[in-house]
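Undergrad: here is a sequence together with a model predicted from it:
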Amino acid sequence: MSGVTSAPWRDTLELDRADVRYLKLRDSAERFAALQLGVCPFRWDPAKSAFVAHPHNFFIFPHNKLLNDCSSHEFLCQTTSIDFLAKYQFDFNTCFREGIYYLSRTQEEKALQKLYALHNNETSAYPNTSEEEEDVPLKSAADILFTERMKIKFNEWHKSIVSNQRVDDHRSGNFKFTDQFQTVFFKMRPAIMLNGFTSHQLKLIQQILKKHFKDLVYVCTFLEDGISEKRVVYTDTNSDKILLIKDVRGDILKSREAIVKSAVGIRHVIDLLASERKLIVGHSCFLDIAQIYSKFVGPLPSSMEDFALSINKIFPHIADTRHLMSVNEAVQYRMRHKSKSLSSAFSLLCPTLHAPNENSSTLPPVKIEVEADETVLSCFTSGAKHEAGYDAFMTGCVFVQLCACLGIKFEHLSPLENLATNINLKKHINLLAPCFNSGTVLDLSTGMERPDPGYKFRYPAAVYDNAVLIWGFQSKVRPKDIKDCICKVFGRDSVTLVFPIDSTAVLVQFSKQESVNSFLDLKATLEGADTAISVLHPLSTILEGGKTRAAKYDTYRDICRSSVSMFSFADQAEAVCSNSNSGFKFKESSAADGSRECESALDGTVPASVKQSGGTKSDSKNQGDNDISYQDILDALQDGKTLFGKRMRNT
């Protein structure tokens, strides 16, 4: 692929909700190009008691092969990905110059619909058969002379045909036609090939035929490479003329259909794999599957569930070797200190294939042979890491050994048996981890996620209703500083986690859900009050600079869904929110109301929303136990007390 993430904040995070995680993966699959496709079929050979692998490596590139289609493909390149490919000698010249083109199913369907609409809307295949077409005005003497000369030449040729002269006569050049006239036959009818005329001259010729030669038809056909051929064809009768036009229109439609079909390109491989209903194997392959869907099927569905169910219809049996490794205790133990990457798994489970020249005491339980031409064999002998075809080969080898670890005996399997239905394997089929840090497994057959029991979380469990998204603060503010200043207001244990999205944004998870609205209301109140309190308040650490924004978790989802692409999250959020009518804009506009409410806070009261969520006892006998007075606020700022923390302890 030409890249993985378009911005640092689009990396999948452990605290991402399932819908946010999918939006990030969808963004990656749609923005970046697939430059290589690796496919490696494995076939069990009973005579050799071994698997025979047939690796294939395809360079692919979205060239535009449709005629008269000005659309072009755009994609991003991530510098780290390009550097990585260059490090492993990726042949960019071959990819860009000779990469196999492709159309997705949706693109093919739209191209055919456009073609059929154009075909059906044509009143006639050729302009000279339309009586309503306006005449080309003869503006110059050259046009008048050309028209008269063509009229004479067509008349001479027409007379020779009508008078039943021998075909050899009107092909022999008796009429002294120039090289622009080549006499031929078209669909068993006498015809003249028109060569070297300008588009304006061809229009004049069509006008001459329409006015003076009712039995001569102007015909334009196209070759496979898109080059057009123009002819004037003689027809015996009006019915013969209609039949000729119908035949030519049918031929043009077929040729255009063939162009669209040929533009499908490498997608034929994907269609073949889908039609065979075979078991598809990948390693951490969720993003690979999303890329395949985006490039060869159509736009990715809006939700993870819809995507899973759509993929399951195309590929009903998918196995992920990384998931298989996580459910195999023996493999887990052997890889406890190793990376879970494909190359690490290959070196551990397939030592003789990984280093064929080294003597290994641990032989792989299943023998694997490579069947390919000399070029591919030399490439595989040298170990062409990170080439798609070689990665596909390694994935298949790892899968075979993992099947052996699960107790599958390939020599006992029937040649017609579907491996995906094997009792030892089928419970692990169609289970994919959306990403390496999701802590979940997606069941493609149901579209539902479930916890991955083998995953160890680094952070406390996320409670999304308790989370607040904050962005736009000064870059020097650290997550620890943000937590400290919030805890000074809401209490020491009020914040369970401050998780950085990037240097410009964080997710703050409160211990209680009601603290979310309290924080948002208090922030709006402080920003609307131009007083010493707003400057001295503990939250001023976050609010300094006046560009800090905050919203609930769903705003984070909406920002990730947007097609806008900014490098920093703060810039992305501002671009999205300023161009939408979302709830965030409403909160920003309601900040003005908060400023008016702040005036009442200075008189000894606080907004109703804050009253409901927090308060502290007042020395004033006229106030309730849960009200906060103006003096309390000043005392808290001076003594470092926590206003909301006191209320939480009291309640």
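TA: That came through, no problem.
Undergrad: how about the helices in the stretch 401-550 of the chain?
TA: 479-490, 514-528, 532-536, 540-543 (DSSP state H, counting those that start in this stretch).
Undergrad: would you single out the least confident of these?
TA: When the helices of the stretch 401-550 of the chain are ranked by mean pLDDT, helix 532-536 comes last with a mean of 65.
Undergrad: which of the helices of the stretch 401-550 of the chain is buried the deepest?
TA: helix 514-528 (a mean of 21; mean count of other Cβ atoms under 10 Å). In this view, the C-beta of every residue, glycine as well, is placed from N, C-alpha and C.
Undergrad: still on that earlier bit, let me have the helices of the stretch 401-550 of the chain in JSON lines, extended by distance to residue 390.
TA: Output for those, formatted as JSON lines (distance: least, Cβ to Cβ, whole Å):
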{"stretch": "helix 479-490", "distance to residue 390": "41"}
{"stretch": "helix 514-528", "distance to residue 390": "50"}
{"stretch": "helix 532-536", "distance to residue 390": "61"}
{"stretch": "helix 540-543", "distance to residue 390": "50"}
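Undergrad: which parts of the stretch 101-250 of the chain are strands?
TA: 181-186, 189-194, 216-222, 228-234 (DSSP state E, counting those that start in this stretch).
Undergrad: sorry, back to before: out of the helices of the stretch 401-550 of the chain, flag the one nearest residue 152.
TA: helix 514-528 (87.5 Å; Cβ to Cβ).
Undergrad: the closest one versus helix 479-490: what angle between them?
TA: 90 degrees (axes from the mean of the first three to the mean of the last three Cα atoms, to 10 degrees).
Undergrad: chain center to helix 514-528, what's the gap?
TA: 38 Å (Cα atoms, centre = their mean, to the nearest Å).
Undergrad: from residue 523, how far off is residue 517?
TA: 11 Å (Cβ to Cβ, to the nearest Å).
Undergrad: to clarify, my last question referred to residue 318.
TA: 46 Å.
Undergrad: tell me who's in contact with residue 341.
TA: Residues counted as contacts of residue 341 (Cβ atoms under 8 Å, 6 or more residues apart in numbering): none.
Undergrad: just the pLDDT for the residue lying farthest from the centre of the chain.
TA: For the chain, the largest distance from the centre (Cα atoms, centre = their mean) belongs to residue 163, which lies 65.8 Å off. With respect to pLDDT, residue 163 scores 79.
Undergrad: averaged pLDDT, the helix ranked longest in the chain. What do you get?
TA: If you go by DSSP state H, the chain has its longest helix at helix 238-263. Helix 238-263 comes out with an average pLDDT of 87.
Undergrad: tell me the buried residues in it?
TA: Neighbour counts over helix 238-263 (16 or more other Cβ atoms under 10 Å) mark 241, 244-245, 248, 252-253, 256, 259-260, 263 as buried.
Undergrad: for those, give me TSV that also has distance to residue 325.
TA: Shown next, in TSV, are those (distance: Cβ to Cβ, whole Å):
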residue	distance to residue 325
241	71
244	67
245	65
248	61
252	55
253	53
256	49
259	46
260	43
263	39
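Undergrad: please name the nearest non-neighbouring residue to the residue most central in space within the chain.
TA: Per Cα atoms, centre = their mean, the C-alpha nearest to the average position across the chain is that of residue 30, at 2.1 Å. The shortest distance from residue 30 to any residue other than its chain neighbours is 5.5 Å, reached at residue 294 (Cβ to Cβ, 6 or more residues apart in numbering).
Undergrad: before we move on, what about residue 284?
TA: residue 322 (4.7 Å).
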